[in-house]
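> the following block contains a protein sequence and its predicted model.
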Amino acid sequence: MLFAVASLAVAVSMLFALIRALAGPSVFDRILAVNMFGTKTVLLIAIAGFFMGRPEFLDIALAYALINFIGTIAVMKFFRYRTLGLPRGGEDLGDL
Amino acid sequence: MHDHIILRVITKLLMPFIFLFALYVQFHGDYGPGGGFQAGVIFATGLILYALIFGLRSAKKVTPPRVLRVQLALGVLLYAGVGVVGIMSGAEYLNYDVLAEDAHSGQHLGILLVELGVGLTVSAAMTLIFFLFAGQEQ
Amino acid sequence: MDFPGLFNYWVVMVLMMIGLYIVISDRNLVKKIVGLNIFQVSVFVFYITMGKVDGGTAPIIGEGIEVYSNPLPHVLILTAIVVGIATTALALALLVRIQDEFGSVDEDAIQKLESRQ
Amino acid sequence: MISAQLPILQVLLPLLAAPLCAILRGRALPHALSVGTVLLSLLVTVGLLIRVESTGTISYAIGGWPPPIGIEYRVDQLSVIVLLIIQGVAAAVLVGGGASIVREIEATRAPLFYALFLLNLTGLTGMVLTGDLFNLFVFLEISSLSTYVLVALGTDRRALLAAYQYLVIGTVGATFYVIGVGLLYMMTGTLNMADLADRVAGVEESTTIRTAFAFMIIGIGVKLGMMPVHFWLPNAYARAPSVVSAFLAATSTKVAVYIMLRVVFEIFGVPMFLATHLSEIIIGLGILAMVVASVTAIFQDDVKRLLAYSSLAQIGYILFAFGLATEPGVTASVLHLFNHGLMKGALFLALAAVALRAGRTRRTDLDGLGQAMPLTMLGFTLAGLSLIGVPGTVGFISKWYLLEAAFDRDGFIIAAIILGSSLLAILYVWPLVERAYFRKRDPALPPVEEAPLPMLIGIWLLVGANLLFGVWPDLATGLAERSALLLLGGAR
């Protein structure tokens, strides 16, 4: 019961994130929404692991959180500088 | 450039933990979820994060593509080489029983080495792929 | 437990058809790769749902757990996922070269370029 | 001790050499390493041939896990005949292709080229040896992925498009195959071919098995260039580097046919093949390919493309004989699979020599080459005659068995079509020979000289095999007949 309520709550907030991701309007809204969606996925995995008595799921949640974080940074950098490598042309060192 | 100080600091804080986590997944693979492929990807993720924040050039200084290519080949050789040890000692290819005194620890050692090979190859391949696509001139 | 029934196969089939349709119909070469990925993912879903055992949990050894899902399809599909990643990376690398050589990733534009020569 | 390890060595040698090649620098070292590997592999194949002929089917359990739990490598007559063609052509192509590789592959890419070539060889060999359906898929993808890159290395920029097209269609094909394997696994709970053959028999009538059958046939059909899904093949063969064309044309579609033979006859069995009317469909598609592809070949300007269409037509012959599902039919199919590999290997390698010396491979580039490159063109002509089916060459042996198979089913019309298609082969081969011997080379073009010695050795090894197996066909026909027996009777 508790599991159903908890996952329903997370699912509803994921739905909201999804709506924002589809509605936009700006690209940064969408990125933020997708990032939030990913965070909620981590939460969902953690909840599932907790209530099913499988703490091993936390490893998966951790890996997903990591990928989500780096993915968001990569997308942000790409939209800001239009490249993943060299933001200011050839001579610059290409860091943020 | 110092205008993204938060990202820089967070990255520096996070990187060791990412690598630690990768190693955990690598060597914990025979007890929990994980294994060479997942560990390799997580390890590469750390390098990719570094390249994203501190630039491709400094990332290439840390892990030159040439070294990555050798690492990639070595991983495959390690994988195949473990199997060859089986042949050398008269058993079948990839038979790990002969790696140690008793079959059980032999299996354990064998799968550990094979997963290490997979991890090396995957992390090198993922990083190389990122370098390739990020290095495109616009 | 009647509701799910063959539900997973419907999902798989719909995804598969969407993917295949994009691969065949879209003129943009990058979108073709996206379609190809959807197509492959449908097969991954197919394998993973296939291994589910009623009442079974994730196949990680734990204390006091009796029933596990069948891990073999998961292992097989892990291999297929790796292959899928390799294919996608290779396709994208080819596309980068195509963009360099032809200046476009649109099938029609490239064909026009070719026929003019 | 070593003889027990032969099946795995066959796969392992190129697999170990490939990463080593990738590490090395320059051209000479990787070339030497890969030539050594390929020759050693050929030796292993001969060892396997001797063992199979003396003791029958070999089974090798990887990791010591007995089948059907573990992955099993099985070697029987059918595997050996396909292995012979793969390893033989690989050896001839690598020994002979050195100069062509120097011309068409940049120095920085050379080590990777050799690594990919060896990986491709690994994949093809593995597909032939493995007795496990999913392991087969893995090898299929190893060989396919390396093939895509090899095709993309072509000098022409359109090679990129050809590789892309091949990648998309090839991946769809491979995925179809995986779906089929998944459905089979769902019904039977095993992936081992021999085990599957037993278990499918019990559930043969179910829709799931038939769906699996359909998916697998379409998936493999894409890979072997079956007529309606063949369009990737001419582009890929025509635009790949010459050496790669020679290797691919002689081996990759053959291995796909081999898988089709195994899947259809060993796992599903003849009754189901006939009951689903697939037999008629495949015969029809084969005949369609024979006629349409031969006619298309006549009108091609690029000789490489012409030979690619000719390959499609030859696959038509193989498929037609395969579709008969009788013992003479399957024998002819296996035999033609072997013989066609020899002919196409020789033709494409000779063409690689032409591309090396004359620069291009359009029809007009062949003018007067009979005088300028006498040995190369003599080899080309002999292989061309073999393609037509002149007595004394392997082509004749193939045609003989094909006709026998057709008459066996009272297929007089089909026999007439086979003969007619051979006439079409004359129409597309003869003009090339005529150009080479009876026309003068355009004086405005730079003069050409004979191909380098290693290349001639490679070409004449294959041409010699064409003649040898044409005069003394016992080895190939014996193997083919026994594999037909094995496929049609042994598994059940």
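Looks like it came in fine.
> quick check: residues of chain C near chain A?
C:57-58, C:60, C:62 (Cβ under 8 Å from any Cβ of the partner chain). All C-beta atoms are positioned from the backbone trio N, CA, C, and that covers glycine.
> quick one: low-confidence residue ranges for chain B.
Segments of chain B classed as low confidence (criterion: pLDDT under 70) are B:1-3, B:136-138.
> and with 50 instead?
Within chain B, the stretches with pLDDT under 50 are B:1-2, B:138.
> just give the number of residues close to the residue in it positioned nearest to chain C.
Proximity to chain C, evaluated over chain B using Cβ to the nearest Cβ, is greatest for residue B:129 at 5.0 Å. Counted by other Cβ atoms under 10 Å in any protein chain shown, the residues lying close to residue B:129 total 19.
> with residue D:195 instead?
A count of nearby residues for residue D:195, using other Cβ under 10 Å, gives 19.
> list the contacts of it.
Residue D:195 is in contact with D:67-68, D:188, counting by Cβ atoms under 8 Å, 6 or more residues apart in numbering or on different chains.
> among these, name the buried ones.
Buried positions within those, assessed by neighbour count (16 or more other Cβ atoms under 10 Å in any protein chain shown), are D:67-68, D:188.
> inside helices: which ones of those?
residue D:188 (DSSP state H).
> so which of the buried ones among the contacts of residue D:195 is the closest to chain B?
Distance to chain B, by Cβ to the nearest Cβ, is smallest for residue D:67 among these, at 11.8 Å.
> quick one: contacts for residue 24?
Just going to use chain A. Applying Cβ under 8 Å, 6+ apart to residue A:24 gives the contacts residue A:30.
> my bad, chain D
D:30, D:33, D:111.
> which helix or strand contains the last one?
Residue D:111 is part of helix D:110-129 when elements are defined by DSSP states H and E.
> ok, and does that helix reach over to chain C?
No: judged by Cβ under 8 Å from any Cβ, helix D:110-129 stays clear of chain C, getting no closer than 11.3 Å.
> kindly list the longest helix within chain C.
The longest helix of chain C (DSSP H) is helix C:71-102.
> off-centre distance for that helix?
Counting by Cα atoms, centre = their mean, to the nearest Å, helix C:71-102 is centred 10 Å from the centre of its parent chain.
> helix or strand next in line after it, which one?
Following helix C:71-102 toward the C-terminus (DSSP H and E): helix C:107-116.
> distance of residue D:317 relative to residue C:96?
For residue D:317, the distance to residue C:96 (Cβ to Cβ, to the nearest Å) stands at 40 Å.
> who's more crowded, the two?
residue D:317 (24 against 15).
> nearest spatial neighbour of the more buried one, skipping sequence neighbours?
residue D:336 (5.5 Å; Cβ to Cβ, 6 or more residues apart in numbering or on different chains).
> number of nearby residues for the one you found?
If you count neighbours by other Cβ under 10 Å, residue D:336 ends up with 30.
> the next helix or strand after the helix holding residue D:111 vs helix C:71-102, what angle?
Heading C-terminal from helix D:110-129, the first helix or strand you meet, by DSSP H and E, is helix D:133-152. Interaxial angle of helix D:133-152 relative to helix C:71-102 (axes from the mean of the first three to the mean of the last three Cα atoms, to 10 degrees): 10 degrees.
> pLDDT of helix D:133-152, averaged?
Mean pLDDT, helix D:133-152: 93.
> list the buried residues for stretch D:293-312?
Buried-residue list, stretch D:293-312, by 16+ other Cβ under 10 Å: D:293-294, D:296-297, D:300, D:302-312.
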